[in-house]
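In: I need the structure of the sequence given here:
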Amino acid sequence: MSVDLVGFGHRESVDLDASTLTLSLTAHSGKVVNVLQSATLTLPSVATMHRYTVRVGAPGITVNISPAAADLIAGAGAGSAGAGVDNKDVIFTNQPAGSYITLEYGDANGWAIVDALGTFTFEA
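Out: Predicted structure coming up:
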């Protein structure tokens, strides 16, 4: 199955209809994880060559993307002027279906936001 990401065309996708999931290299890296109900997704500990795209697949849901406790998510909107803060989630709340974020290995400290569509916040 594939999903159309605005400006990127169709990409292979995996539908998620569970409330929790730990993302993995073999099942999710390089694919679009299409979230169909409110859920919390946990990123694996940062490792080279991993890339995850998480897409809001239904309106009115909340999607939390949680790094490992020792990792951060850095980029536009992140805490510490974009440098990120360890163990803080990215949260999509009540965003239109089609909103998404792409995270990839940044460095040994955590994940880098490389693309996003829609509005998300960071855990306080």
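In: Just the buried positions in stretch 94-108, please.
Out: For stretch 94-108, a neighbour-count test (16 or more other CB atoms under 10 Å) marks 95, 97, 98, 99, 100, 101, 102, 103, 104, 105, 106 as buried. Where you see a C-beta, it was placed from the backbone N, CA and C, and this is true even at glycine.
In: Give me the residues contacting it.
Out: The contact list for stretch 94-108, computed with CB atoms under 8 Å, 6 or more residues apart in numbering, reads 5-6, 32, 43, 46-62, 65, 73-74, 90, 92, 111-120.
In: Can you report phi and psi for residue 90?
Out: Backbone torsions for residue 90, taken as degrees, to the nearest 10, come to phi -90, psi 140.
In: State the distance from residue 15 to residue 68.
Out: Residue 15 sits 24 Å away from residue 68, going by CB to CB, to the nearest Å.
In: tell me which element the nearest residue to residue 20 once chain neighbours are set aside is part of?
Out: Ranked by CB to CB, 6 or more residues apart in numbering and with sequence neighbours excluded, the top spatial neighbour of residue 20 is residue 40, at 5.3 Å. Taking DSSP states H and E as the criterion, residue 40 maps to strand 39-42.
In: Among the buried residues of stretch 94-108, name the ones in strands.
Out: Taking DSSP state E as the definition of strands, the buried residues of stretch 94-108 contribute 100, 101, 102, 103, 104, 105, 106.
In: will you turn those into JSON lines that also has pLDDT?
Out: Conversion of those to JSON lines gives the following (pLDDT from 0 to 100):
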{"residue": "100", "pLDDT": "94"}
{"residue": "101", "pLDDT": "95"}
{"residue": "102", "pLDDT": "94"}
{"residue": "103", "pLDDT": "95"}
{"residue": "104", "pLDDT": "94"}
{"residue": "105", "pLDDT": "91"}
{"residue": "106", "pLDDT": "85"}
